[in-house]
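S.K.: okay, predicted coordinates and the sequence, questions at the end:
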Amino acid sequence: QVQLVESGGGLVEAGGSLRLSCAASGRSISTYAVAWFRHAPGKEREFVLGITWKGGATDYADSVQGRFTISRDDAKNTVALQMNSLKPTDTAIYYCAARGPWGTITRDPADFGSWGQGTQVTVSS
C-alpha cells in the first residue's frame, strides 16, 4: 500500500486561495488514481475531485468546478489541489486517497484503499 500525507491546510478568508499537497511514500503513485475528499462537521464525506494515473482524465464535483484544480507530479510522487475563490462552505477536513495500481477514478470512498490523515481547511466569511 502507498502511504499518503496531506499538507497545506489553514485558515483563509472567503475569496482566497490555498494549495494542498498530498505526498506519497512506500511506492510510486504513478499507477494510482488519486482523489481528494472532504468531510465537514455534520455532513458525510464527499468527493471533491480526482485524477487518473498519468493524468489522462479528471473528475470534479459540481460544487468546485471552475474553482479547484488537481494536478500530479509523478517524479516527486505528489498530487496537488489548488483551491481558488474559496467559500465558507468549503470548510472541511480534506483527505487525499489513492486507488490502484491501475485504478480508475470513482466518487465512492470505499473504492480507495489508501488514505492520508487529513488537513483542515477553514474559510472565514
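M.R.: Done, it's in. Numbering: from 1, shown residues only.

S.K.: host element of the most centrally placed residue in the chain?
M.R.: Centroid-nearest residue in the chain, with CA atoms, centre = their mean: residue 36, separated by 2.3 Å. Assigned by DSSP states H and E, residue 36 belongs to strand 33-39.

S.K.: adjacent strands (with direction) for the following helix or strand past that strand?
M.R.: Using DSSP H and E, the helix or strand that follows strand 33-39 towards the C-terminus is strand 46-51. Sheet pairing of strand 46-51 (DSSP bridges) gives strand 33-39 (antiparallel), strand 58-60 (antiparallel).

S.K.: out of those strands, which is closest to residue 7?
M.R.: Minimum separation from residue 7 across the strands paired with strand 46-51 (CB to CB) falls at strand 33-39, 13.0 Å. Just so you know, the C-beta spots here come from the backbone N, C-alpha and C atoms, and that holds for glycine as well.

S.K.: ok, residues contacting that closest one?
M.R.: Residues external to strand 33-39 that are found in contact with it (CB atoms under 8 Å, 6 or more residues apart in numbering): 20, 22, 45-53, 59, 70, 72, 79, 81, 90, 92-100, 103-107, 109, 112, 118, 121.

S.K.: give me the nearest residue to the residue nearest to the centre of the chain, chain neighbours excluded.
M.R.: Among residues not flanking residue 36 along the chain, residue 48 sits closest, at 4.4 Å (CB to CB, 6 or more residues apart in numbering).

S.K.: wait, the one you found sits on residue 64?
M.R.: Yes. Assessed by CB atoms under 8 Å, residue 48 is found in contact with residue 64 at 5.8 Å.

S.K.: which parts of the strand holding residue 36 are buried?
M.R.: 33, 34, 35, 36, 37, 38 (16 or more other CB atoms under 10 Å).

S.K.: any stretches of the protein with poor pLDDT?
M.R.: Confidence mapping of the chain against pLDDT under 70 gives zero matching residues.

S.K.: got a list of what the residue sitting furthest away from the middle of it touches?
M.R.: Most distant residue from the mean C-alpha position of the chain: residue 125, 22.8 Å away (CA atoms, centre = their mean). Neighbouring residues of residue 125 by CB under 8 Å, 6+ apart: 14, 88.
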